[in-house]
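[1] here is my input, please return the structure:
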Amino acid sequence: MSVLSPAALLALVLLTGASATAQPHLPDCEASPSRVELPAEPTGEVQEVCISPELPITFRFDSPLVPGSLELQERERFEDVAPGMRSFTLHPPADLQTGERFKVVVRFADGAAPTSATFMLVAHLALGTRQVNVFRLKRTVEDYQRETQEERKKSQQLGQELERMRLEHGPGGLTGLIASGLMAVENQSVKAEDITRGVTRHASNALGINKVISYRSTTHAENVVRVAVAVMLVNQGTQSWALKDAALVGKGQEPKPVKVSWQPSPILPGADTPGVLVVELELTAREVRGPFTLKLWDESGMRLVTIGNVTFP
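    So this is what the prediction gives:
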């Protein structure tokens, strides 16, 4: 069985860059909010919030809650429910399945509108939210100024992302590598490390892990570092497996959806050689220290591969 070296994997990924496509993330979970504003007049819409197995989630409110008013669908399945005066924390069950839904309702103690808040907890094996801040009071000038600043920052980030995509879809082959700054004479502009022995494997993984190589670009701007992980997987099941999406999770951090993923073909069961896939994203210089957990899943969201202790060179 042939095994690709880190250099060979890197060349394979970069020289076939045109095949890499930005995969759409699950819309309900990528948009899962960390801030919710409740209108005084009910609209009939129920805000969806994503949860993941054994990942605690905390709801914090700007108003006191009625003691004992928390209503949680299938409460007995949750490992722990901890209500407070202005918050509550839930520990989702370990056997959570993608797509499961749980309705949760709280009531406010001051009698002002709205008198209650309803949320729908939606299960996702990887993209769970850790904290949701809920506001129902009138917004101040400072709130509007803060929101304006956040929107301006998002616009700048979007512009940077569009420029990066324009550059990435420029010249191909060696010319593209030179244009992107990934080939340099004086130094090694992309570092690679075989981390196979150091990673941890989850017992419930849908596929076996054959090899894991991490990459980090040494050329970066504005404190942003581009990283990638190449994974070789073995399918010992009975159905083919194709990557739908991925997320990188740091300790105590929100999951970071992967921006770009590449897989030349589905991983077939019983294949003679492992299947390869690559995921890429951007981290800050501080975040890149890790370690991380990489989660990969297929179209169903049920067949998950979890790789722990992922580090970058």
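[2] could you check the pLDDT of the residue of the chain positioned farthest from its centre?
    Taking Cα atoms, centre = their mean, the residue of the chain most remote from its mean C-alpha position is residue 111, at 37.9 Å. Note for residue 111: predicted pLDDT of 80.
[3] from residue 64, how far out is it?
    Residue 111 sits 11 Å away from residue 64, taking Cβ to Cβ, to the nearest Å as the criterion. Yep, even glycine has a C-beta here, placed from its N, CA and C like the rest.
[4] picking that back up, part of a helix, is the residue farthest from the centre of the chain?
    No - counting by DSSP: H, G, I helix; E, B strand; the rest coil, residue 111 is not part of a helix but coil.
[5] I'd say residue 265 and residue 273 touch.
    No - look at residue 265 against residue 273 with Cβ atoms under 8 Å: they stay out of range, at 11.4 Å.
[6] least confident secondary structure element in the chain?
    Within the chain, no helix or strand scores below helix 173-179, which has a mean of 48 by mean pLDDT, DSSP states H and E.
[7] just the endpoints, please. Distance across stretch 264-274?
    12 Å (Cα to Cα, to the nearest Å).
[8] what's the average pLDDT for it?
    88.
[9] kindly report the same for stretch 202-219.
    Predicted confidence along stretch 202-219 averages 88 (mean pLDDT).
[10] quick one: buried residues of that stretch?
    For stretch 202-219, burial by neighbour count (16 or more other Cβ atoms under 10 Å) applies to 206-207, 209-217.
[11] residue 88: which of those residues is nearest?
    The closest of these to residue 88 turns out to be residue 206 (Cβ to Cβ; 33.0 Å).
[12] what's the burial count for the closest residue to residue 68 other than its chain neighbours?
    Nearest-residue entry for residue 68: residue 83, 7.6 Å, with adjacent residues in sequence omitted and distances by Cβ to Cβ, 6 or more residues apart in numbering. A count of nearby residues for residue 83, using other Cβ atoms under 10 Å, gives 16.
[13] residue 83 bridge partners, please.
    Following DSSP bridges, residue 83 is listed with bridge partners residue 88.
[14] that one contacts residue 65, correct?
    Yes - using Cβ under 8 Å, residue 83 is in contact with residue 65, at 7.3 Å.
[15] nearest residue to residue 284 in space, ignoring adjacent ones along the chain?
    That would be residue 223: by Cβ to Cβ, 6+ apart, it lies 5.4 Å from residue 284.
[16] residue ranges with poor pLDDT in the stretch 1-150 of the chain?
    1-28, 30-32, 137-144 (pLDDT under 70).
[17] residue boundaries of the helices in it?
    Assigned by DSSP state H, counting those that start in this stretch, the helices in the stretch 1-150 of the chain fall at 6-15, 27-30, 141-168.
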